[in-house]
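Visitor: sequence first, then the predicted structure, then my questions.
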Amino acid sequence: MAFTDQAGADYVIECAGKSASYDTALKLLRTGGTLLIIGEGAEVSFNSSEIIHKHLTLFGSLYSTMEDGRKVQELMVKGEINPLDLVTHRFPLHELPVHFGKVITFSEGLLKAVVLANES
């Protein structure tokens, strides 16, 4: 929260699929913020009051199946694909608000983006 002067984030992307990460994501969002849920796991639970009182928006997104994931991992282990070849954009965390539109619309030739948390 210090990063946002205690205001909270406009967007949070949840990738772990765990109840604890949902709780953390919801707490990190500002009023009116958006949570993009990518992480898929077992059934999760979270406090709905956080969503209601902060007027949050939640989106889910699925780009592949578990079997797709296994196939990709096999190809990576065999050295047949290098995931770094898919990264077309890199930018520091503080620039994420500027680039977020590109990330969610895959515009400007974006395939995969890496957010560099330790760079200014």
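Guide: Received, thanks.
Visitor: CA atoms for contacts and neighbours, from now on please.
Guide: Noted.
Visitor: for the residue of the chain positioned farthest from its centre, what are phi and psi?
Guide: For the chain, the residue at maximal distance from the C-alpha centroid (Cα atoms, centre = their mean) is K78, at 27.4 Å. Taking degrees, to the nearest 10, you get phi -80, psi -10 for the backbone angles of K78.
Visitor: what does P83 give?
Guide: The phi/psi pair for P83 (degrees, to the nearest 10) is phi -60, psi -30.
Visitor: contact partners for it?
Guide: Neighbouring residues of P83 by Cα atoms under 8 Å, 6 or more residues apart in numbering: M76.
Visitor: now with 10 Å?
Guide: P83 makes contacts with V72, Q73, M76, K112, as judged by Cα atoms under 10 Å, 6 or more residues apart in numbering.
Visitor: same question for A113.
Guide: L86, V87, T88, H89, R90, F91, H99, F100, K102, V103, F106.
Visitor: show me the contacts for the second one.
Guide: Contact partners of V87, counting by Cα under 10 Å, 6+ apart, are L110, L111, K112, A113, V114.
Visitor: restrict the residues you listed to the buried ones and give me that as a ChimeraX selection.
Guide: Typed into ChimeraX, the line below selects the buried ones among the contacts of V87, using 16 or more other Cα atoms under 10 Å:
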select :110,113
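Visitor: okay, and which of the contacts of V87 map to strands?
Guide: K112, A113, V114 (DSSP state E).
Visitor: and the lengthiest strand in the chain, how far from the chain's centre?
Guide: Of all segments of type strand in the chain, defined using DSSP E, the longest is strand 29-37. With Cα atoms, centre = their mean, to the nearest Å as the basis, strand 29-37 stands 11 Å off its chain's centre.
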